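Colleague: compute the structure for the input listed below.
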Amino acid sequence: MRIWKISIGHWRHFQNIDLNLDINAKLVCVVGANGTGKSHILELIAACAHRLGLSQGIEIPRGDPFSDIHDFSLQFYLAPGVSNAVDHGLAQVAQFAAWNRTLTIQSHRAANNESVRITAGGIEDPRQSVEFATQIVRALRGSEEVHFLSLDADRAYPKRNVNIHEIAQAYEIDWDTTEYTRGRSFKTTTTLYDEWIKYFLAQENQAGTRLIQETRRARENARVDPVFRDHFAPYEEALRKVLPHLLFTGVDPKSRTLIFDTTGLALSFNQLSGGEREIAFLVGQIDRFGLRQGIFLLDEPELHLNADLIRNWVGYLTGTVQTGQIWLATHSLEAVEAAGQQSTFVLERNEETRKVDSIARLDARPVLSALSRAVGTPAFSISKLLFVFIEGEEGVGERERFRKLAGLPQSVRFIECGSCNEVIRRVSSIRSIAREANTEIRVGGVVDRDFRSDIASTALSREHGVFVLPVHEAENFFLHPETLNLLLVQNGRGDIDPLETIRTATDARAGSWIFQHAMATRNARGLAEISQRAKDSAKRLSWIEVTVDRDARVQEIVDRSGYDIEGRRQLKDILLISIDAYERKRQDISLWKVCEGKQVLNDVARAIGFADAPAMSLASFVAWSREGAVLPGDLMSFREYLNAL
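Modeller: Next comes the predicted model:
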């Protein structure tokens, strides 16, 4: 079951819209600025699905689209095997052979007249086309298969106390009948959530009762006991495809809740994180209704989810459809990436008429497409967003760390793009594309300070319009001594000196700092690539090892460099200069700013009582959010740059 075409002459704030889909499109994304009508498109599909017999009802907060003044048509395609009621029930009808398996619903409503016409494609005679379409709709309405599922964006998961009398009623329901499958798949997510736990409890109870009865009968007749088959195994398997760490272990009839396991500890549904609850519920609905060949509508798939979860979730969704189709109304780049630009449609509002009179495939808008790829998000309302390119690799939590450091909302998108040079290139290219597209865009770039001098940092910022961090790298912000002191007091370790803790962690890696500082100097630029043996010799040195015999340590590195006599002399000089530089820095109160942030943070976190660096970072964010908290001055300058964009 798929949609091939949507045409809207006029309806609500839409005007002259044509949406033509690839006949094999399994996943379709509708993107656009808030208020352009992404959710309205899903509502229109839901209303037409009901008229065609794909669902047994319609529940739309804004009302039935057919009740509005309108002129629209939608074309649906029913692949072979989608409905036994159609394929077997109508196979002997004369028009079946000529039917091209499409159904088109055309509807018009004005002040004084209205008409709804459903036709079966491929049948030349108009009257026969309508008559056969009526038979198809009748067959679909009587079908037992679920052809439609809709999940709106009003998804919240408050703690639900299920009363005893509700459980008793749930136990009496046959949840596998069409009344509770097809008859519920169009309900609001609020209703479905209200039923969900009762559904699980009832299924568990009924399955257990059946197993006991079958076992008794088997023993009475001297047969082998029936084999236990977990009726929730498909749900458990599906859930782990999206969230590998989350194991569904069953239901607790006493506390009347679902039980999960993440680390060997039993957790109720209410104890899961927001993203885990979202995925557990959504996967549960697909499992309950068994939708495989119908149309699935999902509004805001990114709700409650981070980028990685969205990828897993949308990837799983794509694998669930066979000849069906998934429609997503979304702001999510990850969803768009999964659908592809050919199946992503951008809604745009005409600023003069306030009507949405433009809908285009993303790949049909070259400049918009290029801008989308460049900024890493669908460029549908780009002037309302802020894009900041940062050094780092995707998937290691850089963007979330930066967002929290910035103290800015989700509308600010941090995008990892590798090296400093790549940050500069992306910022420059996007500004150029935006000028070509005559589109206002707020874009910035943030690069690590590394071993740059004040003069070099200022020049880089002035020339390329990027922000050079006032600390070695972002992790250094968490080494702020006043913040560390606060965390130490919280952990009952107030007797520890924050600066000395940083110095100890830095000294353990002194060789690495010295080597990188040396290679970053101007005098090192003329040197050839140094050997890996020399790098390893330098980076494993602690400060104690250096100070015991600095000449011997330096000579060891030089001897392994692979350089000629002149190169060895030059390397020795810059290494000795860098050793002197480190010796000065380690005694300075600003050591926390210039040390290797990532590596030192790991050691400091454990030294002051945290399991790891992420745990300490989270504690720092909490400390900074408190009223009267003293934030690092360098962090404030970072925030000032972003606020000025």
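Colleague: quick one: buried residues of the helix or strand where F387 lies?
Modeller: Assessed by DSSP states H and E, F387 sits inside strand 386-390. Neighbour-count burial for strand 386-390, counted by 16 or more other C-beta atoms under 10 Å, picks out L386, F387, V388, F389, I390. For glycine as for every other residue, the C-beta is placed from the backbone atoms N, C-alpha and C.
Colleague: between these, which sits nearest S129?
Modeller: Set against S129, the nearest of these by C-beta to C-beta is F387 (50.4 Å).
Colleague: hmm, back to that, ok, so of the buried residues of strand 386-390, who is nearest R62?
Modeller: Taking C-beta to C-beta as the measure, R62 lies nearest L386 of the buried residues of strand 386-390, at 31.0 Å.
Colleague: the closest one contacts A406, doesn't it?
Modeller: No. In this structure, L386 is not within contact of A406 by C-beta atoms under 8 Å, at 9.4 Å.
Colleague: shared neighbours, the two?
Modeller: By C-beta atoms under 8 Å, 6 or more residues apart in numbering, L386 and A406 have these common neighbours: V412, L642.
Colleague: what is the helix or strand following the strand holding F387 packed up against?
Modeller: Sequence-wise, the next helix or strand downstream of strand 386-390 (DSSP H and E) is helix 398-406. Helix 398-406 sits against strand 386-390, strand 412-416, helix 633-644, with contacts defined as 3 or more C-beta pairs under 8 Å, 6 or more residues apart in numbering; DSSP states H and E.
Colleague: what residues sit buried inside the strand or helix carrying V622?
Modeller: In the assignment (DSSP H and E), V622 maps to helix 613-625. Using 16+ other C-beta under 10 Å as the burial criterion, the residues of helix 613-625 that qualify are A613, M616, S617, A619, S620, A623, W624.
Colleague: can I get those residues in TSV with pLDDT and distance to P244?
Modeller: Putting the buried residues of helix 613-625 into TSV (pLDDT from 0 to 100; distance: C-beta to C-beta, whole Å) gives the following:
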residue	pLDDT	distance to P244
A613	92	23
M616	94	26
S617	92	24
A619	92	27
S620	93	29
A623	90	32
W624	91	32
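Colleague: nearest to I3, of these?
Modeller: Nearest to I3 out of the buried residues of helix 613-625 is S617 (C-beta to C-beta; 45.4 Å).
Colleague: partners of Q106 in the sheet?
Modeller: Using DSSP bridges, the beta-bridge partners of Q106 come out as S73, R117.
Colleague: now do the same contact list for it.
Modeller: F72, S73, S115, V116, R117, I118, T119.
Colleague: and the third one, that's in a strand?
Modeller: What it means is S115. Yes. When DSSP: H, G, I helix; E, B strand; the rest coil is applied, S115 is found to be in a strand.
Colleague: my guess is it contacts S107, does it?
Modeller: Yes. With contact defined as C-beta under 8 Å, S115 reaches S107; the gap is 7.0 Å.
Colleague: quick one, which of these two is more surrounded?
Modeller: Each of S115 and S107 has its neighbours counted (other C-beta atoms under 10 Å); S107 has more, 21 against 9.
Colleague: tell me the spacing between that one and C48.
Modeller: 8 Å (C-beta to C-beta, to the nearest Å).
Colleague: can you list contacts of the host helix or strand of L19?
Modeller: Per DSSP H and E: L19 is located in strand 14-20. Strand 14-20 has contacts (C-beta under 8 Å, 6+ apart) with 4-10, 37, 40, 345, 353, 355-359.
Colleague: in these, find the pair that's most separated.
Modeller: Checking the contacts of strand 14-20 with C-beta to C-beta, the most distant pair is W4 and T353, at 28.3 Å.
Colleague: sounds good, over and out.
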